[in-house]
Every structure is written in C-alpha cells, then in structure tokens.
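Visitor: Build me a model from this:
(3 chains)
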Amino acid sequence: MQYWLMKSEPDVYSIDDLQRDGEEIWDGVRNYQARNFLRTMESGDLAFFYHSNTKPPGVVGLIEIAAANVVDPTQFDPQSKYYDPKSTPDGPRWQTVTVRYGETFPQAIPLSTLRDTFSPEELQVVKRGNRLSVMPVPPEVAERLLAMGRQQA
DNA sequence: GCCAACGTTGGC
DNA sequence: GCCAACGTTGGC
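Guide: Numbers count the residues shown, from 1 in each chain, chains lettered A, B, ... in the order given. Prediction:
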C-alpha cells in the first residue's frame, strides 16, 4: 500500500464534490510524470486530496484508489478539453485511476503549515514552483499528515 | 492580476 | 537535437 497526494482545483472538482459523488474517475491529467505515477497506483492505495489554486491551498482530506489502470476516456472525445488527437483506443496514452471518497479532515492543512513541517525532499508539493499534480508521499510523512489533519480544531 | 517555473511545440 | 516561443500551473 502506498500513499499519494493528488491536486485538484476546488472550483473544478473539490473534495465536497467527491463526497457527493462517492466515486469518480480522475480524468484530465496530461503530464507524463504525473501519468507515470498514476500508472503505478494500486487499488487500495490512499491519497491526500489537495486543493490548489485557492485560498489557502492545502491538504483537505483522504481518498482511496478504487480502481487502478483506468483508460481516461476524455482523450478520445473531440468535444473534451482533454482531447488528444494522437491517442487511439488501440494505444491509449493516458491512464488514470478511479477514486473513492474517504474523509474530510476536521483540520485542513494549509500549504504554509506543510512548508513549516516538511522539506521539499519529504513532500514535493512544498517545492517552490512545483507543478506536479500527482506525487508519492513517504509513509512517515503520511502518518504525520494524518495526525495533523485528524486533530480536532 | 502578476509572474516565476517549467513542460511542450515546432522551426531549423 | 537544440532552443526560442509559447502555454499552463499555481502561489501570492
């Protein structure tokens, strides 16, 4: 079992949306490094849900990988903003996962706190200029994040 | 809204 | 294969 961190802009898709939906495909990732991480995910892995491009950005909850190695259907849809004309059903370029809602932390962990607590080596999201939307989280870091998030305000 | 960081594209 | 131009991400 591995831990991950997955970013989403809450204006586009928030943890509240996932709580409502229960389960959802994580579509639209069009970055090879992020996709390679998605490809290594396994069903049962846990991921920290991170709200980006909002105030304040930070970790807001925990989700679970429900299904691994899912072909992102938006790559074949000419109407989609994620359409990739170079991808074919025979050789799809973009795999992703389906995620399931887990929990919303009573205490969201803002990026500023993440920066105070973790080094860029421990947690890539605190790296300045970091643009990766999917990244692994080492187990020790995950444990501390869980404790911080679950602490009552 | 600004802008730094950085990935991608395309001409050569 | 290089690299300038361009587009996007995402914090502030």
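
Visitor: which strands and helices sit next to the longest helix along chain A?
Guide: Ranked by residue count, the top helix of chain A under DSSP state H comes out as helix A:139-150. Secondary-structure packing of helix A:139-150 (3 or more CB pairs under 8 Å, 6 or more residues apart in numbering; DSSP states H and E): strand A:3-8, strand A:46-51, strand A:58-71, strand A:95-110, helix A:111-117. C-beta coordinates here come from the backbone N, C-alpha and C atoms, glycine included.

Visitor: close to DNA strand C, is stretch A:65-73?
Guide: No: on the criterion CB under 7 Å from any atom of the strand, stretch A:65-73 is out of touch with DNA strand C, staying 14.1 Å away.

Visitor: Averaged pLDDT, that stretch. What do you get?
Guide: In this model, stretch A:65-73 carries a mean pLDDT of 96.

Visitor: quick one: is it near DNA strand B?
Guide: No: judged by CB under 7 Å from any atom of the strand, stretch A:65-73 and DNA strand B are separated, with a smallest distance of 14.7 Å.

Visitor: List the buried residues of that stretch.
Guide: By 16 or more other CB atoms under 10 Å, the buried positions in stretch A:65-73 come out as A:65-66, A:68, A:70-72.

Visitor: Just give me how far it sits from the chain centre.
Guide: 13 Å (CA atoms, centre = their mean, to the nearest Å).

Visitor: From the rest of the structure, what touches it?
Guide: A:4, A:23, A:25, A:27-29, A:39, A:41-47, A:82, A:92, A:94-100 (CB atoms under 8 Å, 6 or more residues apart in numbering).

Visitor: can you check stretch A:113-130 too?
Guide: Residues contacting stretch A:113-130 (CB under 8 Å, 6+ apart): A:5, A:7, A:50, A:58-59, A:111, A:132, A:135, A:137-138, A:140-141, A:144, A:148.

Visitor: out of those, which are buried?
Guide: Buried, going by 16+ other CB under 10 Å: A:5, A:7, A:50, A:58-59, A:111, A:135, A:137, A:141, A:144, A:148, out of those.
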